[in-house]
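> return a 3D structure for these sequence lines:
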Amino acid sequence: MSLAAVLIVKNEAEHLAACLDTLTWADEIVVLDAGSQDATREIAARYTGKVTVAADWQGFGIQRRRAEALVESDWILMVDADERVTPELRRSIQAALAEETPAIYTLARLSWCFGDFIRHSGWYPDRVARLYPRGRAGYNQALVHEKLENPEGLPVRPLSGDLLHFTYRDLRHYLEKSAHYAQAWAEQRAARGKRGSLGAGVVHGIGCFLRMYLLKAGFLDGRQGLLLALLSAHSTFAKYADLWVRTRTNPPPGDTSDRH
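Next up is the predicted model:
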């Protein structure tokens, strides 16, 4: 059974080569670029002839569906540029393909953040469904937090080995990504007629901290665990605050633009 490693990317020159170095064993590599302004496409072209550009960004879900449509192989392994397939995970993937049994396989993702791998805090094993037979499963159209859909009810099985995830370069990178996700989340909720409140943001933010740091044993991740719990609480509050601003506040006097 043939395998395609599939990536959607934008401005990933810093990470892409290291990621693709762990995927050269795949039968096919498909890279869909969202309009990079760095050397992303040039780096990708060193590994594969299947580099395509779709710069009219409509969300993560649609972009993944576009990438899926470019695949010719029997199976799809969806990978992000800041991830690395370990040798143990590679062997597990190859063993699963050799069985030729239609299924969706989940990968344990181990994230490196602020100087260390995070093994608690609800971040590990952080199983993500990434290996699936082409045409029998696929991503939904969500703007953010897209999900792999399983319309045929295929069995879901875990693979051994870790998918390493080098998630944030520094604190600024975390805050930038967090703001992007908060905006996309609020846009989706507002489009469905949902309304937000600052009180809900406070409650959910506190709940997020307690869940990560205490219930999910984030304290065992040391100072990184404390920092992540605080930042995640802030990010959770920001989502609800963004929704509140969009749905409960008035535009400035004289502003007739469509803000929402």
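> what segments of the stretch 51-200 of the chain are helices?
According to DSSP state H, counting those that start in this stretch, the stretch 51-200 of the chain carries its helices in the segments 60-69, 87-99, 171-191, 198-210.
> buried ones in the shortest one?
Judged by neighbour count (16 or more other Cβ atoms under 10 Å), helix 60-69 contains these buried residues: F60, G61, I62, Q63, R64, R65, R66, A67, E68. Using the backbone N, CA and C atoms, a C-beta is placed for each residue, glycine as well.
> now, which of these sits nearest I29?
When the buried residues of helix 60-69 are ranked by distance to I29 (Cβ to Cβ), A67 comes first, at 11.1 Å.
> distance-wise, check A182 relative to A129.
A182 sits 24 Å away from A129, going by Cβ to Cβ, to the nearest Å.
> ok, these two, which is more surrounded?
A182 (21 against 17; other Cβ atoms under 10 Å).
> dump the residue contacts of that one.
S235, A238, K239, D242 (Cβ atoms under 8 Å, 6 or more residues apart in numbering).
> repeat that with 10 Å
V144, H234, S235, T236, F237, A238, K239, Y240, A241, D242, L243 (Cβ atoms under 10 Å, 6 or more residues apart in numbering).
> R195: which of these is nearest?
So of the contacts of A182, ranked by how close each gets to R195 (Cβ to Cβ), first place is L243, at 7.1 Å.
> the spatially closest residue to K10 that is not a sequence neighbour: neighbouring residues, count only.
Of all residues beyond its chain neighbours, the one nearest K10 is A34 (3.9 Å), with distances taken as Cβ to Cβ, 6 or more residues apart in numbering. Using other Cβ under 10 Å, A34 has 19 other residues around it.
> now do G153
7.
> backbone phi and psi for it, please?
phi 70, psi 40 (degrees, to the nearest 10).
> can you start the count at 46 instead of 1 from here on
OK, 46 is where the count begins now, so the last one is G198.
> now do the contacts for it.
Applying Cβ under 10 Å, 6+ apart, one finds that G198 lies in contact with I149.
> try it again at 7 Å.
For G198, the contact set (Cβ atoms under 7 Å, 6 or more residues apart in numbering) is empty.
> distance check, it against Y150.
Distance, G198 to Y150, using Cβ to Cβ: 15 Å.
> now the chain, which segments are flagged as low pLDDT?
299-305 (pLDDT under 70).
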